[in-house]
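Asks: Kindly generate the corresponding structure for this input.
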Amino acid sequence: MQIGSNYGSYYHFNHSSNDSKNSNSIDAKNNDDTSSKENNQRDTQMINGVELDAKQIQQLRELQNIDRNVKAHEAAHQAAGGGLAGAASFTYTRGPDNQMYATAGEVPISMQKGNTPEETIANARQIVAAAMAPADPSPQDYKVAANATKMEFEARAEAMKLKAEEAKEKEEENKEKTEESNNTELKNSKQSSTDETTDKKFKNFVAKTYQQNSQNNYINFSIAS
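Replies: You can find the predicted model right below:
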């Protein structure tokens, strides 16, 4: 996508002939020619080795002003665009002094998305900054900024979706851990109950055995007496 400036519609340089074609009389024509020559002699000026009249000098000043504005416009795009902006290109117009002046320009800007929604948001914001960097953004600049803003909104929506999915996964993971913990506690509780029952039975067995042995020993002792 391109961001740039175009002053072509504001400047039209037309070469006009100095020959007079319409006159009411020979005397009037001679008077006009004489007057024109005198004015030209007074108003002409040598610029870049070319003699220019007042009208041409005015056209040259306009071209020079446009050239400065166009180059400043594109420089602002490049500075703000950073790595997303390409090299500026210009359209030139030849001035009355035979020099070339920039009357339009553009800077390519990458509308690439990042590897993550956060990177895409950062890129979109830089694109908007690059598009709106000049003091006089063009209609194309506004269009680029609008597209970048849309890209940022889409990236934000994607980021929210991913966060919701992550939260859901974490919730399910915590639920599974809670269930495992509960199952472990229940198992330990059952094992503890089983151990207590076994221990109680063992104690009863020992007590009963001891009681029987005590009775047998008493009987044997009596017989021996």
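Asks: Scan the helices and strands of this protein for the one with the lowest mean pLDDT.
Replies: helix 26-43 (a mean of 49; mean pLDDT, DSSP states H and E).
Asks: Following element in sequence after the lengthiest strand in the chain, please.
Replies: The longest strand of the chain (DSSP state E) is strand 100-108. Note on strand 100-108: by DSSP states H and E, the next helix or strand toward the C-terminus is helix 117-131.
Asks: same for the next helix or strand after that following helix, what does it pack against?
Replies: Using DSSP H and E, the helix or strand that follows helix 117-131 in sequence is helix 139-224. Other helices and strands packing on helix 139-224, by 3 or more C-beta pairs under 8 Å, 6 or more residues apart in numbering; DSSP states H and E, are strand 2-6, helix 117-131. Bear in mind the C-beta positions are built from the backbone N, C-alpha and C, glycine included.
Asks: Low-confidence regions, the chain specifically.
Replies: 1-42, 189, 192-193, 214-225 (pLDDT under 70).
Asks: What is the neighbour count of Ala80?
Replies: Neighbourhood size, Ala80 [other C-beta atoms under 10 Å]: 21.
Asks: Extract the C-alpha set from the longest strand of the chain and format it as PDB.
Replies: Backbone C-alpha positions of strand 100-108 (Å, rounded to 0.1, in the frame of the first residue of the first chain) are rendered in PDB as follows:
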ATOM      1  CA  MET A 100      13.300  19.000 -12.600                       C
ATOM      2  CA  TYR A 101      11.000  19.500  -9.500                       C
ATOM      3  CA  ALA A 102       9.100  16.900  -7.600                       C
ATOM      4  CA  THR A 103       5.300  17.400  -7.900                       C
ATOM      5  CA  ALA A 104       4.200  14.100  -6.400                       C
ATOM      6  CA  GLY A 105       5.600  11.300  -4.300                       C
ATOM      7  CA  GLU A 106       4.800   8.100  -2.500                       C
ATOM      8  CA  VAL A 107       6.300   5.700   0.100                       C
ATOM      9  CA  PRO A 108       5.400   2.000   0.200                       C
END
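Asks: Adjacent strands (with direction) for it?
Replies: Here strand 100-108 is paired, per DSSP bridges, with strand 2-6 (antiparallel), strand 89-94 (antiparallel).
Asks: For Thr149, see how far away Arg94 is.
Replies: Arg94 sits 39 Å away from Thr149, going by C-beta to C-beta, to the nearest Å.
Asks: Deepest-packed of the helices and strands packed on helix 139-224, please.
Replies: strand 2-6 (a mean of 23; mean count of other C-beta atoms under 10 Å).
Asks: give the contact list for Glu119.
Replies: Lys113 (C-beta atoms under 8 Å, 6 or more residues apart in numbering).
Asks: From Val107, how far off is it?
Replies: For Glu119, the distance to Val107 equals 22 Å [C-beta to C-beta].
Asks: and the longest strand of the chain, which residues are buried?
Replies: Neighbour-count burial for strand 100-108, counted by 16 or more other C-beta atoms under 10 Å, picks out 101-108.
Asks: State the distance from Met151 to Val128.
Replies: Met151 is 9 Å from Val128, by C-beta to C-beta.
Asks: Next, the buried residues of stretch 60-69.
Replies: Quick answer for stretch 60-69 (16+ other C-beta under 10 Å): 60, 62-63, 66-67, 69.
Asks: right, and out of these, which lies closest to Ala207?
Replies: Taking C-beta to C-beta as the measure, Ala207 lies nearest Asn69 of the buried residues of stretch 60-69, at 109.3 Å.
Asks: Before I go, just wanted to say thanks for your time.
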